[in-house]
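J.: just need the structure, nothing else, for what follows:
(2 chains)
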Amino acid sequence: MKILSIHDLEKLRKSAEAHMSLREESNRHVVDHSCGLATGTPHIQILICGGTGCKASSSQEIVQRLQMEIAEHQISEKVEVIMTGCFGFCEKGPIVKIIPDNTFYVQVTPEDAAEIVREHIIGGRKIERLLYVDPKTEKSVSDSKHMDFYRKQMRIALRNCGTIDPENIEEYIARDGYFPLATCLLRKKPQEVIEEIKLSGLRGRGGGGFPTGLKWELTAKQQAEQKYVVCNADEGDPGAFMDRSIMEGDPHSVVEAMAICGYSIGATKGLVYIRAEYPLAVHRLKVAIAQARDYGLLGDNILGTDFCFDIEIRYGAGAFVCGEETALIHSMEGKRGEPTLKPPFPAESGYKGMPTNVNNVETLANIPIILNKGAKWFSSIGTERSKGTKVFALAGKINNVGLIEVPMGTTLREVIYEIGGGIKNGKKFKAVQTGGPSGGCLTEKHLDTPIDFDNLLAAGSMMGSGGMIVMDEDDCMVSVARFYLDFTVEESCGKCTPCRIGNKRMLEILTKITEGKGTEEDLKTLQTLGKVIKDTALCGLGQTSPNPVLSTLDNFYDEYLAHVKQKVCPAKQCKALLTYAINPEKCIGCHACAKHCPAEAITGMTRKPHIIHPDLCIRCGMCVSRCKFNAIVIC
Amino acid sequence: MATIKLACDVARQVEAICDKHGNDQGELINILHEAQHLQGYLPEEMQRLIAHKLNIPVSKVYGVVSFYTFFTMTPKGKHPVSVCMGTACYVRGGEKLLEEFKRVLGIDVGETTPDGKFSLDCLRCVGACGLAPVVMIGEKVYGRLQPVDVKKIIEELEA
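T.: Prediction:
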């Protein structure tokens, strides 16, 4: 059907209400008792995470098994299985949520399906062993709202992820979707929409933090035959998956926001530049675009107005630099993704030389809800100069790996210790890396810093797109810096000398240090070189590429010194600086290590302490993982 | 570049792909995506053909192919192994896993075993950071792997 008015949208929202109210209801208040068909619950919905992470842990199979069980018990009229987007709690995936009692089952396997249907769905009895256990209280928590992981979160950009079926436009409409577009087209002038976005204080979530409303205004002011709206979905930061989760869990919010942007700046064409490595996100986006066309929300004369807008998908091909907007535009034109000097900005001359507005996925996902709830509401959240929330991909040595969204101004400590549940295996916190290859490592002393664009920059890191990697005492900061630089060197497009050659030299020096061949002089060279690259590289990525090195030099200078002066790696990570030996008092001579040593570097008689021959040892650590008696010492 | 003669039917398919995109230079990346899908890689002959169809120098096509990591000029193994080198996997031991795959398979990153069974690559982020460190073999994701698991997995796939 084609939607021609707000009234049509209303009708759709009403008709989807019965289906959706169950989820809304359980979102608002918690049902204490568990629900089951046998105990009188008329209708149950089973939500299951269909994000990439959970799909990798066979969530698709769980869906099939659940459906089989439901068919077998002949209860398919009363029970629905719905695959949603990411719930965020990836550490405990695959996740299954039962509505309306809001039971949150973690680490579910396909084998659990029969029991879930029999015990919970029919019998109304919660399955204790599948509930999340709070590590602090050691008590099981059945409702996600009571989990530390969710308590401090505020889901704005992720509002629909894990709640709606991303492949069903009506569920999106039932949650007020496409109403903002309709209101804009029918009741607001383009300039009014831009004013609202400016007033909200929304800043670009892709890394730079440029005010979104201002960007729109710049493109709107240009006179041209054709203008373009581009969605930057080339999420290249390794270890970040915010944009992908939004596209997988709530693709319509991106489609709608692009149409709103098109209306505001006077563009009729939208392009999504997405990584080809994201097959599921591509699929969901394609479905969303097709549905929006069917409903008349994309295409010609949207909602019966003069406004025409359509969206095409363009694939990236694996180049980090294409996240930079000028490089992205070249890539869309079928060229090598090399950046060019700004100005001219894409707003003046972008795709095919026409004015182009480039926004990141998360930025766009904020647009509909800002227009729905108002700029005032949005700007009441966050800090003075950073409004709203930010989505982070929390990963590394942390208990609760996952996708989180917090108001700007939340401290790193709250994120790491409350939401993240602290450091894995009771180890000591060492650093947190934000901003990916463009960011830096922050330490203990930064833990109480409220997270926002300006504070992170002042601390020597940056917001970036939202990767947040936690490191513990076992991580060597020199190796981490080398890891990021290795990435940058690999991904450098090669256009400008500072990035192409400067970073390569820095990588060589860092490698030298991790091999125990570095000198104190090298540390000075790193600092100088880093500053020169920062000042002279062509694009934003080049200019920020030395950040991981400079920030670790600032915060962990002693560790660098240990590598170059005493030739030791305090975290025991740099292979060349380690010696493996066997503690004769602990070794019982079981021969397990020798049997698995790939270099045949371990010898000894049975039941007598063995020895490792240092000249043969390749320091692979295989013996450590094989020894059951902790007899291998690394020094 | 290795010289491999393109089979007639493959050549026809490549031409059809170019035609479908109106032989438009601006569509080069989309064309390469589809062309790579035919055989899993982009041999020199294929690039020459595309350059000819789009009326651009081969150097331009090669320039694009070599720029983007998604495009490859070597055939992949029957079981393409991709070790995730995203930061989350790195701090949870991705590099050690990679070393072990290199050792067990006897090949370096970007290479294929002589019997064509395995190829080894790195990839950036599967987004399964909760399962770090992660390895993708074909379409299957192996999570929470330790170097000690590598040999067993390879042996299972070989059987």
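
J.: burial measure for the closest residue to residue A:331 other than its chain neighbours, as a count.
T.: In this structure, residue A:331 finds its nearest non-sequential neighbour in residue A:337, 3.8 Å apart by CB to CB, 6 or more residues apart in numbering or on different chains. Using the backbone N, CA and C atoms, a C-beta is placed for each residue, glycine as well. Neighbour count of residue A:337, defined by other CB atoms under 10 Å in any protein chain shown: 28.

J.: residues contacting residue A:337?
T.: Residue A:337 makes contact with A:319, A:321, A:322, A:327, A:328, A:330, A:331, A:493, B:67, B:68, according to CB atoms under 8 Å, 6 or more residues apart in numbering or on different chains.

J.: most surrounded residue in those?
T.: So for the contacts of residue A:337 (other CB under 10 Å), the most neighbours sit at residue A:322, 30 neighbours.

J.: looking at this, that residue is in a helix?
T.: Yes - assessed with DSSP: H, G, I helix; E, B strand; the rest coil, residue A:322 lies in a helix.

J.: now the stretch 351-500 of chain A against chain B: closest residue?
T.: Nearest residue of the stretch 351-500 of chain A to chain B: residue A:395, at 3.5 Å (CB to the nearest CB).

J.: that residue belongs to a helix?
T.: No - read with three-state DSSP, residue A:395 is strand and lies in no helix.

J.: assign the closest residue to it other than its chain neighbours to helix, strand or coil.
T.: Among residues not flanking residue A:395 along the chain, residue B:88 sits closest, at 3.5 Å (CB to CB, 6+ apart). Counting by three-state DSSP, the backbone at residue B:88 sits in helix.

J.: wait, what's in contact with residue B:88?
T.: With the criterion set at CB under 8 Å, 6+ apart, residue B:88 makes contact with A:238, A:239, A:393, A:395, A:396, A:401, A:469, B:125, B:129, B:132.

J.: tell me the one of those nearest residue B:33?
T.: residue B:125 (19.8 Å; CB to CB).

J.: who are the neighbours in contact with the residue nearest to that closest one when sequence neighbours are not counted?
T.: Leaving aside its chain neighbours, residue B:125 sits nearest to residue B:86 (3.5 Å; criterion: CB to CB, 6+ apart). The contact partners of residue B:86, taken as CB under 8 Å, 6+ apart, are A:238, A:239, B:94, B:124, B:125, B:126, B:129, B:132.

J.: phi, psi of the fifth one?
T.: Backbone torsions for residue B:125, taken as degrees, to the nearest 10, come to phi -160, psi 120.

J.: so what's it up against?
T.: A:237, A:238, A:239, A:240, A:241, B:84, B:86, B:88, B:89.

J.: what do you get if the cut-off is 7 Å, keeping everything else the same?
T.: A:238, A:239, A:240, A:241, B:84, B:86 (CB atoms under 7 Å, 6 or more residues apart in numbering or on different chains).

J.: if I look at the residue nearest the centre of chain B, how far off is residue A:485?
T.: Centrality entry for chain B: nearest residue to the mean C-alpha point is residue B:72, 5.5 Å, by CA atoms, centre = their mean. Distance of residue B:72 to residue A:485, given as CB to CB, to the nearest Å: 24 Å.

J.: shouldn't residue A:174 be in contact with residue A:17?
T.: Yes - the criterion here is CB atoms under 7 Å, and residue A:174 meets it with residue A:17 at 6.4 Å.

J.: just want to know which of the two has more residues nearby.
T.: A side-by-side neighbour count of residue A:174 and residue A:17, using other CB under 10 Å, places residue A:174 first with 22 against 11.

J.: contact partners for the more buried one?
T.: Contacts of residue A:174 (CB under 7 Å, 6+ apart): A:13, A:16, A:17, A:20.
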